[in-house]
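# Model the following, please.
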Amino acid sequence: MSNINPGDASSKKIAAGICAILLGALGVHKFILGYSTEGVIMLLATLLTCGIGGAVMGIVGLVEGIIYLTKTDDEFLNTYMIQKKGWF
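Sure thing, here's the model as predicted:
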């Protein structure tokens, strides 16, 4: 088992949720959670399509932000920091 502090999960949950809602098209929330591959995919989808893919990635970010913020701290810790679920 890794050494994950539950207090760290709470602060990452809030930071990732807010960034997902505001900057979801750029994948910033994925980088906050340590998901570099997923973050690069979202960033490149936005940049390489000249922003057209950004609309789709923005919706994905909005949905993920709402999901992050509505989960309890324990659910968030288990799902996104221990099990490392990258998408939704």
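
# going forward, measure contacts and count neighbours with C-alpha atoms only.
OK.

# Need the contact partners of the helix or strand containing E64.
If you go by DSSP states H and E, E64 is part of helix 52-70. For helix 52-70, contacts defined as C-alpha atoms under 8 Å, 6 or more residues apart in numbering pick out 13-14, 16-27, 42, 45-47, 76, 88.

# What segments of the protein are helices?
6-23, 28-32, 36-48, 52-70, 73-76 (DSSP state H).

# Give me the buried positions along stretch 6-24.
Buried positions in stretch 6-24, judged by neighbour count with 16 or more other C-alpha atoms under 10 Å: 9-10, 12-13, 15-24.

# returning to what we had before: using JSON lines, lay out the helices of the chain together with mean pLDDT and distance to I82.
Listed next are the helices of the chain as JSON lines, based on pLDDT from 0 to 100; distance: least, C-alpha to C-alpha, whole Å:
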{"stretch": "helix 6-23", "mean pLDDT": "90", "distance to I82": "10"}
{"stretch": "helix 28-32", "mean pLDDT": "95", "distance to I82": "15"}
{"stretch": "helix 36-48", "mean pLDDT": "95", "distance to I82": "16"}
{"stretch": "helix 52-70", "mean pLDDT": "95", "distance to I82": "15"}
{"stretch": "helix 73-76", "mean pLDDT": "92", "distance to I82": "9"}
